[in-house]
Every structure is written in C-alpha cells, then in structure tokens.
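[1] Output the structure for:
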Amino acid sequence: MWGSLMDYFHFTGDPTYNNVTTQALLSQVGPDYDYMVPVHAKDEGNDDQAFWGFATMSAAEKDYPQPTTGNYSWVQLTENLWNTQVRRWDTTSCNGGLKWQIFPFNNGYDYKNSVSNGAFFQLSARLARFTGNQTYLDWAEKSYEWLWNVGLIEDYHVFDGSDDKKNCSDANKIIWTYNGAIMLYGSAVLYNYTNGSALWESRTQGFLNATANFFSPYDNSTNIMYEPACETVNTCNTDQYSFKGYLARFMWASTLMAPFTTSAVTTLLTDSSKAAAEACSGPSDGVTCGQHWYYGGYDGNYGVGQQMSALEIIQGLLISGTVPPLHSGQVHLMTPSTTTSAAPVPTNTATATPTKRGAGGRVEPSLSMWIGMAVLMMACGGKI
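    Below you'll find the model as predicted:
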C-alpha cells in the first residue's frame, strides 16, 4: 500500500497521502532501524521485511522527502534491512537461500520460497545501482543463480518455493504473479546498471515473456491481467488480492530501466488498466474496485488489495512522463547516521553512472477508509 501511494505522489505530484505514508514507513523501523519490530517477532517473515525494503528503496530512488526524525535516510534504512537478511543466508540446506520465516518457531521456517529470495535479489540489484557498491551486485548475482540452480525458476517461470528438509529437491510449482514481477524488475535494474548487457537483456526478456501466463484468462478477455492460481476459482486470500498490483508496478517500472520492454508492457497494461477501471465502479461511491477485471464491471469483491492493484495499473499509465529511479549522487541525502544497524555494511565503491465483496446496498469505503484499513492491517502484522 505504501509503495503504491509513493508511486501516486511520484506520478501525480499530489502530496495528499505523504504524511500518512511517511508515518507508516517510520512506525515499523524497529529499535535497530532495520524493520525488525519486536512486537511482530512471532509473525514477521523475510518476505514481509523485504516489502518494507521495497518501499524504503523506492523512497530513496524517487528522492521522496527524507525522514525528519531518527537521523537516518531512506537508503540507510534499506541497507540496514539488507544487512539483517544477508546474515540469514542459510547454507545448512539447499546450498544456500533465505528461509521464508525468520524465526524457527513459525510455520514455514523449513520452507525456502521465491518471494523471500527474489525480493532479496531485487533489493540487492537496486542497492547496487543506487550506491555503486560491488557487494550488492555480487549478492544479486549469487541469489539469482541460486534460484535457478535450486529449481525455483524454470524457463523463466517462477515457482512458489521448496521444502528445505528435503534439500529443496521437490519444488512447489504453483506460480504467483508477484514472484515473476519481482524477478522481472530486478533483472531490468541490472540491465540498466550494466549499461545494457546482453545477459541481463536476455534475462529481462525471458521474465517478460513468462508474464504471458498472467493475461487473457478467456478468449473474450485478451490482455486482461488475472491471478491464475486462485482468481478464476475464487480462492484468493487477502494477500493474494494484492499480487496483481505488484505485477503492474514492476512491469511499468521495468519500462524505465529496460526501454525495450515498453511496447509489450504498454500493450498489456493499457488494456488491463481499462478493464480495471471498469471494475472500479462499485456502489455506492462508484469507484470501489473489484477483483475480476475480466468481468466487464464491478464484481462485488472489494478490499485493500483490490483497490491497490487497480491503483497501480491505472496510475502506471503516467510513467513515461516521470523521472526514472535516481542514484545516490542525485538525491537529497542526510548526514551519515549515528543510528545504523549493528550489522556490517559492505565496503563502498564508486557510484555508478546513471545509464516500480460488498453486497448491493452496502456503503463502500472511501480512499481514506482504505488507508485506515491498511494502517490497521499493518499494526496487526499484515503484508500490505
């Protein structure tokens, strides 16, 4: 949600939601300024933590107003978070990788999933580009290769995860939109950072081609985005309602990092954005968004994830007129912080040259109510 609202400000210049966005991002920094909050010790996973990192990294790249409290910058918060994750790289099974869960008492601690490792890959890539730090690039390449070698990526299709008690020998081959999206954008960032290398061009194109799985569920819904694993059978949960939003965000963002993707992405997402707009016609305000964009109208299934997904795909239409992600030398950074994490920060190198249901008659929530719901979910440990 907060990354979506940050995109909204970046695309439109409207600061209406900046205060609540900043408040939300700073509310979860934790005592070591790394998004490890003690109150969520029983429910925070590596993926949850990484999604906070997506938001703080976007704040750094977009030159979003720096925090006015705490004596830390957005990129320092992201680096602190990254430092906690790199220490969790686990070589006791599967020849490496991050576990889904951080703490052994949580269900999923024995599962190494693509979203946790893909998010670490993407954050590493973005930090490499932003800072010029070789260590981040090394880890981006290492985590990318691990995902392929362990069998979580096949022909650029990204599977859900694997049981590390079986040494990741049997992948769970369910495919979610956001996993492919995370890998697509990380690859596009490295294409940009490596000045258009043929290797990262090929990888970016591969992940883009694989997104074809996420469009055109029926013959009469060409180029309409959907969540194949759950949407057509109506089994998506609260988190999964938001996944299309990440696919839209990272596909649009890839056009700025890898311009050769622009034509294909624009064709798919323009058609999908029209369908999403038609789905955002719910009563009684006429702008509440549903889940099934291929229905040709509001489907009565509303929530934070549905609203966020529609916002991301529609506001992305403005991306061609925006400033691409910046580098550290181009933003208003703060004085080096005295409140960084105890984790070791990689050695800096030279900065690189610039080369994201309601039944009829029920009163539907307004945007401010959606934000309030998101705040409540955040306080309860939700991912959005």
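
[2] Next, Ser162: phi, psi?
    When quoted as degrees, to the nearest 10, the phi and psi of Ser162 stand at phi -150, psi 150.

[3] Quick check: which helices or strands does the one helix or strand Met57 maps to pack against?
    For Met57, the element it lies in under DSSP states H and E is helix 46-61. If contacts are counted by 3 or more CB pairs under 8 Å, 6 or more residues apart in numbering; DSSP states H and E, helix 46-61 sits against helix 2-12, helix 18-27, helix 74-86, helix 114-131. (Glycine included, C-beta is placed from N, CA and C.)

[4] could I get the third one in CSV with only the CA atoms?
    The C-alpha coordinates for helix 74-86 follow below in CSV (Å, rounded to 0.1, in the frame of the first residue of the first chain):
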residue,chain,number,x,y,z
TRP,A,74,15.7,6.0,3.4
VAL,A,75,18.7,4.3,1.8
GLN,A,76,20.3,3.7,5.2
LEU,A,77,17.1,2.0,6.4
THR,A,78,17.2,-0.2,3.3
GLU,A,79,20.8,-1.1,3.8
ASN,A,80,20.2,-1.9,7.5
LEU,A,81,17.3,-4.2,6.5
TRP,A,82,19.5,-5.8,3.8
ASN,A,83,22.3,-6.4,6.3
THR,A,84,19.9,-8.5,8.5
GLN,A,85,18.9,-10.6,5.5
VAL,A,86,22.3,-11.3,4.2
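
[5] what is the mean pLDDT for that helix?
    Mean pLDDT, computed over helix 74-86, is 98.

[6] Next: the first one.
    Here the mean pLDDT over helix 2-12 is 94, rounded to a whole number.

[7] Please apply the same query to the second one.
    Taken as a whole, helix 18-27 has a mean pLDDT of 95.

[8] Then the last one?
    In this model, helix 114-131 has a mean pLDDT of 98.

[9] Tell me which other helices or strands that helix touches.
    helix 46-61, helix 74-86, helix 134-149, helix 177-193.

[10] Need the distance between the two termini of stretch 218-238.
    24 Å (CA to CA, to the nearest Å).

[11] Out of the helices and strands packed on helix 114-131, flag the one nearest Pro104.
    With CB to CB as the criterion, Pro104 lies closest to helix 46-61 of the helices and strands packed on helix 114-131, at 13.1 Å.

[12] Buried residues in that closest one, which are they?
    Residues of helix 46-61 classed as buried by neighbour count (16 or more other CB atoms under 10 Å): 46-61.

[13] Show me which of the residues you listed is closest to Asn209.
    Of the buried residues of helix 46-61, the one sitting nearest to Asn209 (CB to CB) turns out to be Phe54, at 23.6 Å.

[14] Report the separation between the closest one and Thr266.
    With distances taken as CB to CB, to the nearest Å, Phe54 is found 23 Å from Thr266.

[15] For stretch 181-192, output the C-alpha coordinates as PDB.
    Once non-C-alpha atoms are left out, stretch 181-192 reads as follows in PDB (Å, rounded to 0.1, in the frame of the first residue of the first chain):
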ATOM      1  CA  ALA A 181       7.200  -9.500 -11.300                       C
ATOM      2  CA  ILE A 182       9.900  -9.200  -8.700                       C
ATOM      3  CA  MET A 183      12.400 -11.100 -10.800                       C
ATOM      4  CA  LEU A 184      11.500  -9.100 -13.900                       C
ATOM      5  CA  TYR A 185      12.200  -5.800 -12.300                       C
ATOM      6  CA  GLY A 186      15.400  -6.900 -10.600                       C
ATOM      7  CA  SER A 187      16.700  -8.100 -14.000                       C
ATOM      8  CA  ALA A 188      15.600  -4.900 -15.700                       C
ATOM      9  CA  VAL A 189      17.500  -2.900 -13.000                       C
ATOM     10  CA  LEU A 190      20.700  -4.900 -13.700                       C
ATOM     11  CA  TYR A 191      20.200  -4.500 -17.400                       C
ATOM     12  CA  ASN A 192      20.300  -0.700 -16.700                       C
END
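
[16] Name the residues that touch it?
    114-115, 118-119, 121-122, 124-126, 128-129, 137, 140, 144, 147, 153, 156, 158, 197, 200-201, 203-204, 207-208, 211, 246-247, 249-251, 253-254, 257-258, 261, 325, 355-356 (CB atoms under 8 Å, 6 or more residues apart in numbering).

[17] which of the residues you listed count as buried?
    Using 16+ other CB under 10 Å, the buried members of these are 114-115, 118-119, 121-122, 124-126, 128-129, 137, 140, 144, 147, 153, 156, 158, 200-201, 203-204, 207-208, 211, 246-247, 249-251, 253-254, 257-258, 261, 325, 356.

[18] quick one: contacts for the nearest residue to Ser272 once chain neighbours are set aside?
    Setting aside the residues directly before and after it, Ser272 is nearest to Met225 in space (CB to CB, 6 or more residues apart in numbering), at 4.2 Å. Counting by CB under 8 Å, 6+ apart, Met225 touches 177, 214-215, 244, 247-248, 268-269, 272, 275-276, 293, 313.
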